[in-house]
Each structure stands twice: as C-alpha cells, then as structure tokens.
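Visitor: coordinates only, sequence not included:
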C-alpha cells in the first residue's frame, strides 16, 4: 500500500497544480507565472521564494485590488502550499492551508483547502486529524474533487484498519477513469483485510486484467496478480496461483518476484520440471537481485528433486562462486560507503539531469554499493532522507553563493560612496541656485496669471500694450514734459502729442480682445515650458535621491543578512553531516542484511552441494552395479 | 533441502508485505527528527532569500531604471522553442538556449524572466529573435521589434511567442 499511498496524492496535487495555469483564466501577474515556471521544473525553492515575495508585496500595498496578483491571489496561496508540500515543508504547508481554511473564503475554496490539509495529515500518518479535515468539506463540489475526497477517505480508512468502510467507498470509485487500476487493487486488498476472501480474490483478479498502457497502471496490474498469486499459494492453490504469476509482465518491477513465485507454485505442486522454466530464466538475470540469488539455489534444488544430482551439484557450485563474489562486492561496498564515496556520488550534478538517475547511479562503476541499494533507495524513508540531503546540498551552495554576493554588494556600495560623495556638495550648490531661479520664475508666471484672470472681469488695456507701443508712449511723455508752455507753438505740439496718444490708445483698445487671447495662448505655451522644466526638476530630484540611496541605508540590512547567512550555512553543514551519516547507516544496514542473507545461502549451498555430490556418486555407483 | 524451500517461501511472502527494515541504529524517530530540522532550515533560508532579493532589487535594479523582460508561450502552443535573443537599443541583453524541461514549463503556462536590467526613462527599441522547430520538424526563425517607453516605475514587458501556423502572432511584445 505504501507506494500507492504516496503515488496518487502526488499525482493529484500535480494535476491541480498544473490546472492552475493551464486551465485557468489569462495569466495577469507575470511574477506568479514565473513562480509556476520554476515549479513546473521542480525548482520549488525558487518557486516558493518568488511567490513569497509577491504575496508579501500584495499584502503590503494600500489597494491590493489594483495589484495584478489580485486576479490570482487564491491560486497563489494554494500554490505556495503545494510547492511547500513538494519541497517537503509539511509544517509550513499545513499552516498556510489552515490559514486559508480559517479565513472568510468561498465554500469551494474552503473545501479545496480542507482536502489539501487532510492530505498533509495523511502523509504524516495523522489519520484522525486527516479525517477531521475531511469533515470540514461540505456543500456542492465538482465530480473530480468529490472523487479525490472519496479516494483519500478510503486510503485513510485502510491505513486506520477500517477496511469495511474503505470497501464501501472504493466500490463507488470503480469505473472512475482517474483511479482505474489503483482503486481496483486497493478494493481487492481492503476486501481481503476485511475478511471477505472470495470477493477480494475476484476483485484482485479483475484488477489484474484491467487494460492498461501507462507504466503506473501496468505496474499496479502486475502487483494485483502477484498479491493474488501469493494469497492463493498460502491456500495451497498452486495451479491458479501459477496462472496469476504468469500474467505479470516479464519486463517490469515485479517480474523477478513473479518468476520466482511461479517456480515455487510448480515446485510446491511437485512439478519440478515446470518450475525450472521460470527459475532458469530468472537465474540469468542481474545477480544482485534477491530473487535472482534465490533462483541460483532454487534451480539446482529442482534438478536434485528430478534426481539429476550431477547437474545439481554443478549448479550449487556455481551458486557458491556467485555468492562468494557477491559477498566480496558487498564488503567493497561497505568500505566504499565508509570512505564517503556513496554520498559524493549522490550529489553528482550530471545524475540529477536524468529522471532515472537512481538507475544511472547503479551503472557507475566507481560506486559499487549502489548495486545492492536500489530497493532501499526506493523506500519511503530513504527517499525522504535522500531528498533532504540533496536539498541541504542545494541550500549549502546557495548560502555560500549569497555570502560571496553580500561581500560583493558591500564593495559595490563603497565604490558608489567613493564616487558620489565628493560630487554631491558641488551638484547640490548648483541645484540650490537653479532651484531659487526656478521658484522666482514660477512666482512671476503666477502673477501674470492672476493679472490676466482679473482682466477678464475688469479690462485693463494698459497691461496689454506692446513693447514698441510702450516706447512710443514713454517718448510722448518725455516730449510732453519738455514742451515749453511759453513757446509760440506749444499748443500745436501738445495737440499733436494728444493726437498721437489717442492713436496709441485707439490701437490698444480696438485690439484689446485679440491681445488678451494672445496673452492667454502665450501663458499656456509658457505652462508647457514650465512643465518640461518641472519634469527636469523632478528627474534631477529622483536621480539625486537615487544617487544617495545607492549607497546609504544598507549597512544594517547587509550586516544582519551576513550574520543570518553565515549561521544558516553553518547549520546546514552540520545537518548535512548528520543526514549523510543517517543515509550511510541506512545503506550499510541494508548491505549488512543482504550480506547476512547471502552468508546463509552460502552455508545452505555448501551443504546442498555436498549432499548432491554424495547422491550423484551413490547413483553412479548403483548404475555401475546394475551394469 | 526442505529447510531451504521453507526459508525461500517465507522470504517471498515477506517481500510482498514488508519494506526495507532498518535496524535499531536508524530509527523512524531519527529520520523524523532530522526532517523537522531540515524543514526549519528551509524556512530560514527562504526568509533570507526573500530579504536578499528585496535588497538586490533596491541595490541593483532601482525602480526608476528597472526593466524586466518575460517570455511566455501562447496558450496551446506546441512548437519546440530552441532559443531567444533579446536586444535593447541594439545591444544584446539576453540570449537563452532552452532545455526540454524549460520548454515544457513554458507550455504548461509558466513565464520565464529572461532579463532584468536598467535603462533610462524614455523610448527604447526592443528586438526579439526566436529560433525553434515547428511541430512538423521544420526550422522556424522569426524577428520582431517594438518600441517600449520607460517611465518612472519598473517596466515589465511580456514577450509572448507562438509557432508557425498559429492564430497568434509569432512574437507579441506587450508592455505590462
């Protein structure tokens, strides 16, 4: 059950995660899209990091509805939880989803949150809490969500021993496309565990014949046949058991076990010649596999039962050779692990580029230990520990790079300070001068504006005379002041002056409206110039501010970040060492267990070899006597 | 020999119900305890990362000059994107070769930030060149230019790509 329990929630989470962008509306927030881009490549640290910053900014703005993340905020919060789950931060993911659950959200959002929370509890083995979370789901929901909830509930019941309850649910999921094979297999197992042997048998038989093409469904079909065959073997139904073992594919994860079991089904029915067929095929395969090693003993055992003692003795001898060689390999593997080669191999960059990297690891000649560790590597605890180790290695590299960056930033800031600080006093002095001139001009413009506005109410022609007219007027005043009242032509001159003044006034008065309009037009043009001036002014202020901000106010942040980065780096190094030791211990324990098993086989092979040799010799003697 | 048979029979049955078992020295508690600590350090490093990215943005790409270019694929596009080259005002600013995983991430709806840098306020020429392969395997290459206007705030530009024969424009440059 465990691999299934792990596999399916992961698949569903992935589906819902992918659905976020693929099926969702138009992506409005590019940074959210960037987080998804990282997540889709399995770069969950970068995805969480990006989204954390984005959500933090969204929460910090005064009007979040104007932020582009507003259109995706629910998806973003769920996605963070999802990414944290994938990054194996269950505690944080749980807190994030619980926060959504407690907030005032739409029923469908609450249901989704409750489902995800239940899944986290289930993955952590907290079955009661998982069921409590599922109880919070209510109201209408899509068929997909309803099926996912039902399947999760069935899994929880099975893990908690409530097999009859699980059976009821799983029966309802038969025929649902997403769970094809998985629900069928689980139903069969649940029926057996609930004591309904016949129904369980029929169900597993059905699950073992489900049409399938994808690797997951094919594997579950093989598993159904293998489990059912083993159950039948326990009931001494060797013929039907053999049929089910035969249905397991010859190339698949359960192939070796099925071949071995098929042989035992025949051997148990004392059909040793038939048992030799799967066992001989199996004995040719990779000798590091448990089933293959057993087949090396099983083949000569069958020959001895068929009284072909010479051949049996020969094959027991070969098995012994093979066991000796494998024991030497195991010893070398343990030594290699103790020398740290295993951990070094695990963090090799080129391996991580390949999705089948565990298999590739096995092929590396310099890491013999991995030959025997494939099964261990597939186990949940080892996988989790290994992923943690690899994550820690990534964090170690990141914090080391950050420490270097922080030093570089300090240098950058110092360079900026050295460049700007001597320049700024002179620039500021010039700026102050320009600033005062600008203010004066702005005041003048405001004065003109006030005058023009007042002239709309009370016309003042003298305000609109042109410069040449003003010159003429002033000249007339000057001439007028110089006229000698006693001169004979004084009156004539004054009359001429008055006529000219009248002509001047006539021009101004008759042209008043045109001039006033022109004055307003000119003022607007001035406004454009002033706006350009203001823009230059603002740009200068921004640049001046940016110059200061480029080196001021970073000291505390940098100092604190340097301390925190160093502390984290040290902590990571310590944790890596502990995690590495744990992995090595797991690997060595597995290798020791395999060693112990091989030693037992070795002893049995030795006895069996001697026994077969004796029997072969005896038989030869008897045959000679007969002759 | 019966003993061998019974031993093997037991082992086979045992495989189907058990998983690798660790001896007393590596307990589940140890695995769990370390896992909790790893979760804690991940949280710490994420917090430092967030703080650092805010600092970097302020220090290296102040909003007054910041420009970010994002690459995405139009919905449903299946063409194989090989590379993207971006030039601003005639200067190369980004040249990216895509891995299979990256193309897959784009096809699922992810958005790649291909460049973040600094430009002064005002108008700038943006030139995007893409190379790839059509679904049929034919070579595909296209170049497009657009003018972007940098204002006071950070400038975000989305470059949305589509393959040959698509209803969408091959290179759609949108200021956001």
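Guide: Arrived safely. Keep in mind it's a predicted model, so treat the numbers as computed, not measured. Numbers count the residues shown, from 1 in each chain, chains lettered A, B, ... in the order given.
Visitor: For residue B:141, what are phi and psi?
Guide: phi -140, psi 140 (degrees, to the nearest 10).
Visitor: Residue B:149 is in what secondary structure piece?
Guide: strand B:139-150 (DSSP states H and E).
Visitor: average pLDDT across the longest helix along chain B?
Guide: The residue-count maximum for a helix in chain B (DSSP state H) belongs to helix B:28-60. Helix B:28-60 comes out with an average pLDDT of 91.
Visitor: rewinding a little: from the chain's centroid, how far away is the strand holding residue B:149?
Guide: Averaging C-alpha positions (C-alpha atoms, centre = their mean, to the nearest Å) puts strand B:139-150 21 Å from its chain's average.
Visitor: Tell me the helix or strand right after the longest helix of chain B.
Guide: Trace forward from helix B:28-60 with DSSP H and E and the next one is strand B:66-73.
Visitor: Can you list the strands that that next one pairs with?
Guide: The strands that strand B:66-73 pairs with in its sheet are strand B:112-118 (antiparallel), strand B:155-161 (parallel) (by DSSP bridges).
Visitor: how about those in CSV, adding distance to residue A:553, mean pLDDT and mean neighbour count?
Guide: From N, CA and C alone the C-beta is placed, and that goes for glycine too. Shown next, in CSV, are the strands paired with strand B:66-73 (distance: least, C-beta to C-beta, whole Å; pLDDT from 0 to 100; neighbours: other C-beta atoms under 10 Å in any protein chain shown):
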stretch, distance to residue A:553, mean pLDDT, mean neighbour count
strand B:112-118, 19, 96, 18
strand B:155-161, 24, 96, 21
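Visitor: what's the closest of the ones you listed to residue A:72?
Guide: With distances scored as C-beta to C-beta, the stretch of these nearest to residue A:72 is strand B:155-161 (15.1 Å).
Visitor: After the closest one, heading C-terminal, what element do we hit next?
Guide: strand B:171-175.
Visitor: quick check: angle from that next one to strand B:66-73?
Guide: Computed by axes from the mean of the first three to the mean of the last three C-alpha atoms, to 10 degrees, the angle separating strand B:171-175 from strand B:66-73 equals 140 degrees.
Visitor: name the helices or strands packed onto strand B:171-175?
Guide: strand B:122-133, strand B:139-150, strand B:155-161 (3 or more C-beta pairs under 8 Å, 6 or more residues apart in numbering or on different chains; DSSP states H and E).
Visitor: Contacts only, for residue A:42.
Guide: Residue A:42 makes contact with A:86, B:101 under the criterion C-beta atoms under 8 Å, 6 or more residues apart in numbering or on different chains.
Visitor: show me the contacts for the nearest residue to residue A:124 once chain neighbours are set aside.
Guide: Among residues not flanking residue A:124 along the chain, residue A:90 sits closest, at 6.0 Å (C-beta to C-beta, 6 or more residues apart in numbering or on different chains). Taking C-beta under 8 Å, 6+ apart as the criterion, residue A:90 is in contact with A:84, A:120, A:123-124, B:39.
Visitor: In helices only, show me the residues you listed.
Guide: Here DSSP H is the test, and those give A:84, A:120, A:123, B:39 as lying in helices.
Visitor: Can you verify my assumption that the last one contacts residue A:95?
Guide: This points to residue B:39. No. In this structure, residue B:39 is not within contact of residue A:95 by C-beta atoms under 8 Å, at 11.2 Å.
Visitor: so what pLDDT did the closest residue to residue A:302 other than its chain neighbours get?
Guide: Using C-beta to C-beta, 6+ apart and skipping residues adjacent in sequence, the residue nearest residue A:302 is residue A:272, 4.3 Å away. Confidence at residue A:272, expressed as pLDDT, is 95.
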